[in-house]
Structure formats: C-alpha cells, structure tokens
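[1] fold the following for me, if possible:
(chains A, B, C, D, E and F)
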There are 4 protein chains.
Amino acid sequence: MSYYFRNKTLKSKKRERTRSALIDSAISEIAVNGFNNLSIKEVAQSAGLANGTFYNHFDTLDELIKQAVAAVAREIVEDIAISITGINNGLERMILSTEKAIQKLVAEPEWGTIFVGAWHNFPEHSQDAIRFLQADLRKAKRQKLVPVKVTRLLEDQIVTVILLGVATLIRQGDKTKIRLETHVAILKLLGIDPERAAELIQSTFSKHG
Amino acid sequence: MSYYFRNKTLKSKKRERTRSALIDSAISEIAVNGFNNLSIKEVAQSAGLANGTFYNHFDTLDELIKQAVAAVAREIVEDIAISITGINNGLERMILSTEKAIQKLVAEPEWGTIFVGAWHNFPEHSQDAIRFLQADLRKAKRQKLVPVKVTRLLEDQIVTVILLGVATLIRQGDKTKIRLETHVAILKLLGIDPERAAELIQSTFSKHG
Amino acid sequence: MSYYFRNKTLKSKKRERTRSALIDSAISEIAVNGFNNLSIKEVAQSAGLANGTFYNHFDTLDELIKQAVAAVAREIVEDIAISITGINNGLERMILSTEKAIQKLVAEPEWGTIFVGAWHNFPEHSQDAIRFLQADLRKAKRQKLVPVKVTRLLEDQIVTVILLGVATLIRQGDKTKIRLETHVAILKLLGIDPERAAELIQSTFSKHG
Amino acid sequence: MSYYFRNKTLKSKKRERTRSALIDSAISEIAVNGFNNLSIKEVAQSAGLANGTFYNHFDTLDELIKQAVAAVAREIVEDIAISITGINNGLERMILSTEKAIQKLVAEPEWGTIFVGAWHNFPEHSQDAIRFLQADLRKAKRQKLVPVKVTRLLEDQIVTVILLGVATLIRQGDKTKIRLETHVAILKLLGIDPERAAELIQSTFSKHG
DNA sequence: GATGAATGAGTATTCATTCAT
DNA sequence: AATGAATGAATACTCATTCAT
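    Predicted coordinates:
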C-alpha cells in the first residue's frame, strides 16, 4: 500500500491529512480489487478511519475516484514537465514524456493500474492526462518530424498502446524490451520507419538520460 | 434489444430457447448499463422470465457473461471463416477478417460494446477471439509480408487498435474514414509504410470486397 | 398486537397474507412508538418476516402507513354503513355513525391511536374517513335539524372533537361519561341546546342502540 | 426565519445570546420540516454555529424543543396577561385571551406551527399554556356565565378548537371569518346559544379593542 | 422447468455524540 | 465557549440465492 499522498501532507492540517489517507487508500483498493468491487467502508477502514469519516470529505465513491485519478495525473504531469524542460525537438519531448510516464506508472504499480482502469471505465476523468501528449505531437508536426496526419483517433491509438505497455510491464515485471517495443509502436503509428524509430529512441535516451 | 440468439433457436427445445433469451438479454443489458450494474433479476425480467429461472441455466452472472461473450465470438469467427475461405495471402486474410469483425460489431452495437468491454474487464473470456488473428499473422510472416518481428505484445497492440476503432465507430456512427484509419494503423504496426498500407487495403477490398 | 387483517386473509394467497401481516404489524408498532420512531426492520420483524420482504410489498414506509390507515378506515366505514342502514334522520345517522366509529376505535385501541395520529401527521391520508360525516351533516341540514351554517371549519371542529374523545377514552379506559360528552359537544357545535342534545342522544340510542 | 429571541437578548452575555440563537433556529426549522426531520447539525448551522456548540447549551434535541415551546408560551402568556389586566368578566377575559393568543400565533406563523405541533406530539410540554384558560373559565363559572359543567375534557375540546383555528388561519391566511367562527365554537361548547355568542364576541371587542 | 415470495448478508448513508484544538 | 473532524451505531435499500408451489 502506497503512502504517497499521506507522506506529502504530513505537515498539513488534519483535514488535509485525512483526505490524503482516503486517496491513498482508494488507489490501493482499486489496484487490488478493480473499480467496481470497491466499498466505502473498505476504503475508510484500509485508511484507518471509520466509515462515517468518508462523508466528511467526499459525497460519493465516484467523487473520490475522480479526485484520486486527478491527483495521480497531476503528480505525473508535474514530473514530466520537469523532465522535458529545455528540450525543443517535439519527437524527443514525446519520447521522454512517454518514458517518464511509463516509469512512474510502473514504479508505483497501483498508480499504473488505476490509471489504465480509469481510461477505460471513466474516460471523462482522464482526458486531462493526454494534453501534454497532444501538445508535443503538434510541436513535432510543425517541425515536420511526423509524416502522417495527426487525428484524434491516432492520438487515442497512441494512448492505448502506452497503457497496454504499462499494463504489460506491471503484469510481467519491468522489461526493457517491452518498454522499447512500446516506444517503437508509437513511432510506427506516427509513420516512422521501424529501424529509424529504434535509432531515434536510442539517440534520445543517450542525449537526455 | 437484439433477439439474435432467440431467433436462432426458435426451433430448438424450450431449455435451449430460454437459455438464448437469457444470453440476448444479458448482452442488451450489459450494452446499456455496463458489466457492473447488472443484476440477475434485471436480466431475467428483460428476458421475460422470473429471477429463479436464471438458476436453471447458469450458476453465476459471470458464467452467463462468459457464455454470452463466447457466443458472440463464435458467431463472428464463423462469419470471418466464411469470408476468407480460399484466400491465401496472409495480409489480405488479416485485412478482410478485421474488416468483417468490425462490420459485425458495429452493425450490432450491443455486440461491439460487450466485446470491447469484455477485453478490458474479463481478458480471460476473450482470448479465443484473437486466435484467428494470430493464425493469419503467422501465415503472413511465413510469406515474408511482415517486416517486423511478431511478438505477443504486438498482437495485443493490434487488438487494442481494432477495439478502439470499434468503440469509436459505435460512438460516432459508422464512418469509412475511421475504418480505413484503423486498418492503416494495424499495417503500420506491422512495419508497413503508410502509403503502401493504404494501397494494400484498397487493392484487397477491390479484389475481395 | 392485533391480528385483524392477518385473520381476514387466512385463506388468501401467500402474497396477500404477508401483506396483511405487514399492515397489522405497522399498526401495532405505530400505536406503540408513534409514526416517527418506526423502522422497516422493526415492522418486518414484528410481523415475523425478514427486512427484505418489506420491499416485495411496499416501496416506502409512508406507502405502508398510508395503506394501513386506508385499510382501517375501510373497515370502519363498512361497519358504519351497516349500522345506519335504513335510518333516515340525518342527526340520528350522525350520532350512530360517530358512536360506531368511537366504539371500533376504542375497542381496537391500536386503530384508534393510528387514526388519531394520521389525522394530525398525514391529513391527506384520512380525508376519505370524513366523507360519511359530511353526507349525514348535509342530510340533517336539509331536514332543518341543524340551526347553524355548516362550514368546512365546523366539520373539522367536529372531527377533532371526536378524535379527542377517542384519544381520551383510550388513555383513560372506556367511560360512558366521556362518550356522551363527546356526542353532546358535537351537537353543541351544531347549534343544538345542551339539554336538547342530551335528550336526542338518549332517544337515538334507545331507538336504534 | 424569526430572530425574536436573538433580538430580545442582544444585550445579554454571549452564553445567553447563543442559547437564543439556537431556540430561534429550532423554531424555524421545526416550522419548516416538522418535529421529526430535525437534526442537531441543522439547527446549529442555521443558527450560524458549529454542531459541537449545541452541547454547551442543551443535552438533547427534545430538551431544546421543550425549552423553545416553553419560551414561546411564556411570551404569549405575558402578552395575554397585559391585555386582560383590569377586566373582571370571566367570559370577556377568555375571549380576549383567546383572541390575543390567536393573533400572536398567526402573526408569527412559526410559533403557531410549533405550538400546534407540540400539543399533539409533546402534550406534556404544553400543559402550562392552558392554565390561563382554566383560570378564566373558573372565574366565568363562578360568575354564572357558563351554563354547562366545566370538565377537563371540555377544556381540551376548547383547546383543540383554538389550535384548529390557528392552523387553519396559518394555512389559508388570516381571515376574520375563521377567527369569529373559532370564538363562536368555543362559546357554543360552553353552552351558549350561537346568536348570543356572536353578540357577546362583538360587544367584548368593541369594549376592549 | 418455471415461478416468484422470502431471505439475510452486504452496502450506502445519516446523525447524535465525543473530543482535541 | 466554540469549533469541526472523527466516530460508529442505526437505518434504508439492494440483490444473489433458496425453495415451496
């Protein structure tokens, strides 16, 4: 069970700490039992709280789930923003952000699980999380690095490929091969030749870390 | 509400007809309310049966769902088999089967919805449905039509791209553009150049469509 | 605890018998604890049923209460109708119906309690029960037996005086004095002289009692 | 929402002011939602206080209700006492007190609603309020102005008739006709001829305002 | 086989009450 | 005194499951 948000608010007021405990707990429970076998009592208890306490902070489970997903997304986006600061090449930005997101979601598998699930079960909650992808794609397009037309469907194809990679990495353990295959798949979808894609990924990683 | 399986068993014994009614009903209810807001009473009632009757045919809801998904898969696979009989080219077979599957799932959106959902919620129920894809992919590989290595992850990437296409077509209405974009994406994932991919799809459809 | 409705439906189908048990039980529980300290579990248990059974018959407690009040009213009105058949004098009819109603409500004090309570807590549920009073009042008026104008407020005054009588008789035990005082009060409200009222009541009871 | 008691204690100590705020708030909430859909948190919040504050002043909701009813009764009784000072005729005193009480309860409908409700739901809380009626009735009896015997039941009949009048006036708006009809009903119950009653009421009002 | 009434465990929700601040 | 977060018992409601007809 991850104590990420609890630790982040150790110095805050009690109200905020309890709220974080509920979010941590929701993430863990969802990761274990899925979105639909979740109960308020369970979430509260696994956070070390009475069931009634839940209602001091959220009105419904969906509200909590939504805020949990949003909190995770915010953390990841923040991290990504830092990792691509100063890089100008759109494709490199996209490769590095994707890599960062995958790393985060696999390193905290509970985050990965909830994030993948949210995409399929509550698409409306996770739209925010793809904005950074869209931005870098447009930049790459303007820089003439993307030979194909970028449609909404293509963006969604890329996201599902990323999430499939995350799910696979969580299930099978972190394997470089799968990470690379995911990056290559994204570039293939963008119309880049597989071999060129592999080189691009290598060079990006050796340049930026 | 689709009466597909009910109609298919009109001449069968009562037991079989009741079973079909429950499967049709489950598919409809799932398409409307999702996999998780489903109740036995609801399924039975919408099939025109008493709740107790359910237990004469299935032990649990999951059992019914599994069999419903399997029944849908069986129908589609049957249809696909017919549509590619006599075709030898592995890629053409794959394009045509994919097209056939998409057509079916979009024409009966309830089937599409349940199928897409099953893939994410009950992965174990839908593995059967990708065997035909694997067979044709191997054939195409042997025929040297696929430049990249075919891994399990690649197969899954293709499936998610297909299901994303189906979901999009159901949501936005059937649009040729989205169907084509899905076929192109699959071929891109197989390492085929986008322009070459578009030609291949065109020629396949004009030959066999 | 009264088994009135249960006994009345001993020969009916199970569904009907269970419904009657819930109504009997509701009446008893309300008589003991009032309208507001009533719980579904309590009603069901005191009827010898599981809480879930309640929902096979009623949607809400209010629905059950309403139907219980209506059932009681129906029984009483039926009884009253029999007891005044063939009597033509409006005032005599009114005196006898009132007497009958009081007798019933006091003989089954649970009915009395729920009826008095319903008048104050759910006025909309008990309007039916005063129609017979209105009819006889109008008849008496046409027969020139009522010197004052009959308004809606006057009717309500009469009802509250009757219900006060019932409540008092239940609390203090059945006493002829209180019954007479109630009848006299009604006639006084109708503008009849107290002494004349007492005679009228006596003669009515000796004629038809 | 009435600020009656809050305003009355503006100059008092904080403890007293908070207490008044809770009483005002209870009266308003009861008038709106009835006696039974009342919660401590609701009362406290509508008084602009935290729920915990309630317990610094009252032990239970019933305690607060009782004191609220008593406070209202006290105000009214005080007013009545002033309005009949110096009048000797028992019947006139009774008519004027009744009139005063009705005026007050209708002018502050929240008071009227709570008062009528208290009579039926908490009879023990409102007994104080009828002492003034009893006193004047005895005086009138001694003065040979009341032809009938005055029993406890008769007193209760008078009270219910008054409260019915108040409830009707609140519901339908203040109408002279209903006020008069209520006074006449009381005098009829006391054995006074309806026409004589009407005159008596007129003369009392013209004499004493 | 089909029916549908009854069951009771499980879950959401409310709310009086406590208590640390 | 006042605050308001936390508590947990009480209650409403749902629903898979059983079983007599």
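[2] what's the following helix or strand after the lowest-mean-pLDDT helix or strand in chain A?
    Least confident helix or strand, chain A: helix A:123-126 with a mean of 77, by mean pLDDT, DSSP states H and E. Counting by DSSP states H and E, the element after helix A:123-126 in chain order, helix or strand, is helix A:131-142.
[3] just name whatever secondary elements the helix or strand following that next one is in contact with.
    Next in sequence after helix A:131-142, counting helices and strands by DSSP H and E, comes helix A:152-172. Contact here means 3 or more Cβ pairs under 8 Å, 6 or more residues apart in numbering or on different chains; DSSP states H and E; on that basis helix A:152-172 packs against helix A:90-107, helix A:109-121, helix A:131-142, helix A:176-189, helix B:152-172, helix B:176-189. Just so you know, the C-beta spots here come from the backbone N, C-alpha and C atoms, and that holds for glycine as well.
[4] may I see the buried residues of the very next helix or strand once past the fourth one?
    Using DSSP H and E, the helix or strand that follows helix A:176-189 towards the C-terminus is helix A:194-208. If you call a residue buried by 16 or more other Cβ atoms under 10 Å in any protein chain shown, then helix A:194-208 has these buried ones: A:Pro194, A:Ala197, A:Leu200, A:Ile201, A:Thr204, A:His208.
[5] is chain B within reach of helix A:194-208?
    Yes. Counting by Cβ under 8 Å from any Cβ of the partner chain, chain B is contacted by helix A:194-208 at A:Pro194.
[6] now that helix against helix A:176-189, angle please.
    Per axes from the mean of the first three to the mean of the last three Cα atoms, to 10 degrees, the angle that helix A:194-208 makes with helix A:176-189 is 120 degrees.
[7] orientation of helix A:194-208 relative to helix A:90-107 in degrees?
    Relative orientation of helix A:194-208 and helix A:90-107, computed by the same axes, to 10 degrees: 80 degrees.
[8] show me where pLDDT drops low in chain A?
    Along chain A, no part satisfies pLDDT under 70.
[9] in stretch A:56-69, what's buried?
    Buried residues in stretch A:56-69, counting neighbours by 16+ other Cβ under 10 Å, are found at A:His57, A:Phe58, A:Leu61, A:Leu64, A:Ile65, A:Lys66, A:Gln67, A:Ala68, A:Val69.
[10] and the last one, what does it touch?
    With Cβ atoms under 8 Å, 6 or more residues apart in numbering or on different chains as the criterion, the residues that contact A:Val69 are A:Ile114, A:Phe115, A:Ala118, A:Phe122, A:His125, A:Ser126.
[11] for A:Ala140, give me its contacts.
    A:Asn89, A:Gly90, A:Leu91, A:Arg93, A:Met94, A:Val146, A:Leu190.
[12] does stretch A:23-33 reach DNA strand F?
    No. Using Cβ under 7 Å from any atom of the strand, stretch A:23-33 stays clear of DNA strand F, with a minimum separation of 11.9 Å.
[13] hang on, the earlier thing: and the buried residues of helix A:194-208, which is closest to chain B?
    A:Pro194 (4.9 Å; Cβ to the nearest Cβ).
[14] for that closest one, give its distance to DNA strand F.
    48 Å (Cβ to the nearest atom of the strand, to the nearest Å).
[15] please apply the same query to A:Gln202.
    Counting by Cβ to the nearest atom of the strand, the gap from A:Gln202 to DNA strand F is 50 Å.
[16] which element is the residue of chain A most remote from its centre on?
    For chain A, the residue at maximal distance from the C-alpha centroid (Cα atoms, centre = their mean) is A:Gly52, at 30.6 Å. If you go by DSSP H and E, A:Gly52 is part of helix A:51-54.
[17] and that helix, what does it pack against?
    Checking 3+ Cβ pairs under 8 Å, 6+ apart, helix A:51-54 ends up next to helix A:14-33, helix A:40-46.
[18] now the angle from the longest helix along chain A to helix A:90-107?
    Taking DSSP state H as the criterion, chain A has its longest helix at helix A:61-83. Inter-element angle recorded for helix A:61-83 and helix A:90-107: 130 degrees (by the same axes, to 10 degrees).
[19] so does helix A:61-83 get close to DNA strand F?
    No. Using Cβ under 7 Å from any atom of the strand, helix A:61-83 stays clear of DNA strand F, with a minimum separation of 13.4 Å.
[20] just to revisit the earlier point, of the contacts of A:Val69, buried ones?
    Applying 16+ other Cβ under 10 Å to those flags A:Ile114, A:Phe115, A:Ala118, A:His125, A:Ser126 as buried.
[21] which bits of chain A sit near chain B?
    Checking chain A against chain B by Cβ under 8 Å from any Cβ, the hits are A:35-36, A:120, A:147-148, A:151, A:153-154, A:156-157, A:160-161, A:164-165, A:168, A:178, A:181-182, A:185, A:188-189, A:191, A:193-194.
[22] tell me the contacts of A:Thr160?
    The contact partners of A:Thr160, by Cβ under 8 Å, 6+ apart, come to A:Trp119, B:Thr160, B:Val161, B:Leu164.
[23] got TSV for those residues, with distance to C:Val77 too?
    Compiled in TSV, the contacts of A:Thr160 are given as follows (distance: Cβ to Cβ, whole Å):
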residue	distance to C:Val77
A:Trp119	64
B:Thr160	70
B:Val161	72
B:Leu164	67
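[24] returning to what we had before: give me the buried subset of the residues of chain A next to chain B.
    Buried, going by 16+ other Cβ under 10 Å: A:35, A:120, A:148, A:153-154, A:156-157, A:160-161, A:164-165, A:168, A:178, A:181-182, A:185, A:188-189, A:191, A:194, out of those.
[25] my guess is A:Ile192 contacts A:Leu200. True?
    Yes. With contact defined as Cβ atoms under 8 Å, A:Ile192 counts as touching A:Leu200 (7.1 Å).
[26] rewinding a little: turn the contacts of A:Thr160 into a markdown table, columns for distance to DNA strand E.
    Listed next are these as a markdown table, based on distance: Cβ to the nearest atom of the strand, whole Å:
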| residue | distance to DNA strand E |
| --- | --- |
| A:Trp119 | 22 |
| B:Thr160 | 30 |
| B:Val161 | 35 |
| B:Leu164 | 30 |
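[27] report the two of those residues separated the most.
    A:Trp119 and B:Val161 (14.6 Å; Cβ to Cβ).
[28] got the contact list for the closest residue in space to A:Pro109 that isn't next to it in sequence?
    Distance criterion Cβ to Cβ, 6 or more residues apart in numbering or on different chains; nearest residue to A:Pro109, sequence neighbours excluded, is A:Ile170 at 4.7 Å. Counting by Cβ under 8 Å, 6+ apart, A:Ile170 makes contact with A:Leu105, A:Val106, A:Pro109, A:Gly112, A:Thr113.
[29] how near is A:Ile170 to C:Arg138?
    Using Cβ to Cβ, to the nearest Å, A:Ile170 is found at 82 Å from C:Arg138.
[30] equivalent analysis for A:Thr60, please.
    56 Å.
[31] next one: A:Arg196
    Taking Cβ to Cβ, one finds A:Arg196 at 99 Å from C:Arg138.
[32] what of A:Leu190?
    Remark: distance between A:Leu190 and C:Arg138 (Cβ to Cβ) = 89 Å.
[33] neighbour-wise, which of these two wins?
    The neighbour count for A:Leu190 versus C:Arg138, taken as other Cβ atoms under 10 Å in any protein chain shown, is higher for A:Leu190 (23 against 13).
[34] now for the closest residue to A:Ile114 other than its chain neighbours: which residues touch it?
    In space, and not counting its chain neighbours, A:Ile114 is closest to A:Ile30: 5.0 Å by Cβ to Cβ, 6+ apart. Applying Cβ under 8 Å, 6+ apart, one finds that A:Ile30 lies in contact with A:Leu38, A:Ile65, A:Ala68, A:Glu110, A:Thr113, A:Ile114, A:Gly117.
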